[in-house]
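In: attaching a predicted model along with its sequence, questions to come.
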Amino acid sequence: MIILALALVAGASLFTAEAAKKKDKKQAETPVVEPVQLTTSSDSVSYTAGMNATNGLLSYLIQEQGLDTAYMADFVRGFQEVVKSGADPKMKAYAAGLGIATQVRDRMLPDLVKVFVDSPDSIIESLFYRGFTDALQKDTTVFTQSVADAFYGKKKREDKAAKEEKLYGPNRDAGENFLAENAKKEGVVTTRTGLQYKILVKGEGEIPKKTDKVQVNYEGRLVDGTVFDSSKKHGDKPMEFRPDQVIKGWTEALTKMPVGSKWQLYIPYKLAYGNRNQGEIKPYSALIFDVELVGIVKSEK
């Protein structure tokens with residue numbers, strides 16, 4: 001117990017001594033701030049103009065730059081160093097480097113990393129920064145700029161294709177298999193573009209042109225039966241639009257349907273939303289629509 005007590009006392013003494021050293025060092029590093037002396041009107045205008053110029057700056061630094069206000073003294077020191085340097089080209093370049101580095105680290109790099117998620121390649125931070133700085137210094141030891149651009153562009157396209165295949169290939173295959181089987185069914189017509197339709201109700205009215213405004217009731221489903229949209233969701237009245245304002249499969253069908261018709265459309269992804277992600281409608285989705293052409297809106301002359 002005596003030995004333990006001595007050890008604790010010695011440890012406490014060392015801790016106190018170390019804390020005192022750190023305190024002394026911190027006090028020594030704290031710059032001496034000269035008192036402000038405002039003797040003329042211009043002095044006061046200048047001082048208050050400086051204060052006024054900071055309005056909104058602190059919230060910007062916190063929200064946009066991620067500044068920890070515990071280190072505001074460091075921010076002020078950096079600010080003062082740049083101000084005191086005047087037109088010194090070295091300091092100007094150094095300050096620019098700090099600013100660009102922050103943007104690259106906090107914005108560009110994270111976005112770039114996301115691009116390659118789920119692809120065969122990934123972004124290695126240290127090598128990204130090395131390539132960045134080598135290019136700025138025109139170091140062509142590994143790649144010339146043109147070769148680097150060509151290589152990166154090629155790999156980015158290949159990785160995007162591989163990523164889409166991994167994530168959405170099964171969805172594309174399911175749609176294509178559905179359409180292949182559906183084409184064999186009685187009453188299903190396949191056009192040269194790949195659009196499939198089945199006439200549920202044969203209308204006898206006028207066939208609209210691409211630029212006519214039409215009135216339509218509809219329901220849209222995925223090939224697994226999931227309903228993703230319908231005219232009922234948008235009110236009790238039919239939807240109004242021009243055939244040239246919608247997906248290609250709809251444009252083709254509406255310009256073949258007489259008013260009063262009700263068709264079931266089976267649309268391959270190339271005539272729908274292609275590789276775009278539309279929420280419930282994933283890239284490369286084949287779509288099914290029940291479409292009723294209620295009428296054509298005649299414009300008043």
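Out: Nice, I can see it. Residues are numbered from 1 along each chain as shown.
In: show me where pLDDT drops low in this structure?
Out: 1-31, 300-301 (pLDDT under 70).
In: which stretch of helix or strand covers the spatially closest residue to Leu271 that is not a sequence neighbour?
Out: Computed as Cβ to Cβ, 6 or more residues apart in numbering, the closest residue to Leu271 that is not its neighbour in sequence is Gly249, at 3.7 Å. Every C-beta, even on glycine, is put in place using the N, C-alpha and C of the backbone. Using DSSP states H and E, Gly249 sits within helix 248-254.
In: helix or strand right after that helix?
Out: According to DSSP H and E, the helix or strand after helix 248-254 is strand 262-267.
In: what sits up against that next one?
Out: Residues outside strand 262-267 that contact it (Cβ atoms under 8 Å, 6 or more residues apart in numbering): 178-179, 182, 188, 195-201, 203, 247, 249-250, 253, 257, 286-293.
In: on that earlier part again, surely the residue nearest to Leu271 is in contact with Ala272?
Out: Yes: look at Gly249 against Ala272 with Cβ atoms under 8 Å: they come within range, at 5.8 Å.
In: any residues in contact with both of the two?
Out: The contact lists of Gly249 and Ala272 share Leu287, where a contact means Cβ under 8 Å, 6+ apart.
In: tell me which of the two has more neighbours.
Out: Gly249 (26 against 23; other Cβ atoms under 10 Å).
In: measure the spatially most central residue of the chain to Lys209 for me?
Out: The residue lying closest to the centre of the chain (Cα atoms, centre = their mean) is Asp111, at 7.5 Å. As judged by Cβ to Cβ, to the nearest Å, Asp111 and Lys209 stand 44 Å apart.
In: next: Val216.
Out: From Val216 over to Lys209 (counting by Cβ to Cβ), the distance is 15 Å.
In: same deal with Thr40?
Out: 79 Å.
In: those two: who's more crowded?
Out: More crowded of Thr40 and Lys209, by other Cβ under 10 Å: Lys209, with 13 against 8.
In: wait, the more buried one sits on Leu254?
Out: No: the criterion here is Cβ under 8 Å, and Lys209 misses it with Leu254 at 9.5 Å.
In: find residues that contact each of those two.
Out: Counting by Cβ under 8 Å, 6+ apart, the residues touching both Lys209 and Leu254 are Pro243.
In: please flag which of the contacts of strand 262-267 sit within helices.
Out: 178-179, 182, 249-250, 253 (DSSP state H).
In: how about the backbone phi and psi for Val214?
Out: phi -110, psi 160 (degrees, to the nearest 10).
In: hang on, it packs against Arg242?
Out: Yes: counting by Cβ under 8 Å, Val214 touches Arg242, with 7.2 Å between them.
In: ok, those two, which is more surrounded?
Out: Val214 (23 against 16).
In: so that one bridges to which residues?
Out: Beta-bridge pairing of Val214 under DSSP bridges involves Phe241, Ile296.
In: contact partners for it?
Out: 208, 240-243, 254, 293-297.
In: and for Lys248?
Out: Lys248 touches 193, 270-272, counting by Cβ under 8 Å, 6+ apart.
In: could those be laid out in a markdown table, adding distance to Phe132?
Out: Below are the contacts of Lys248 laid out as a markdown table (distance: Cβ to Cβ, whole Å):
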| residue | distance to Phe132 |
| --- | --- |
| Thr193 | 46 |
| Lys270 | 39 |
| Leu271 | 43 |
| Ala272 | 40 |
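In: filter these down to the buried ones.
Out: 271-272 (16 or more other Cβ atoms under 10 Å).
In: okay, the contacts of Lys248 in TSV with distance to Ser230 and secondary structure next?
Out: Shown next, in TSV, are those (distance: Cβ to Cβ, whole Å; DSSP: H, G, I helix; E, B strand; the rest coil):
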residue	distance to Ser230	secondary structure
Thr193	25	coil
Lys270	23	helix
Leu271	20	helix
Ala272	16	coil
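In: of the contacts of Lys248, closest to Glu164?
Out: Lys270 (14.4 Å; Cβ to Cβ).
In: please enumerate the helices of the chain.
Out: Using DSSP H, helices in the chain cover 2-29, 41-52, 57-63, 72-85, 89-103, 109-115, 125-136, 145-182, 248-254.
In: what are the buried residues along the longest one?
Out: Translated: helix 145-182. 159, 163-164, 168, 171-172, 174-176, 178-179, 182.
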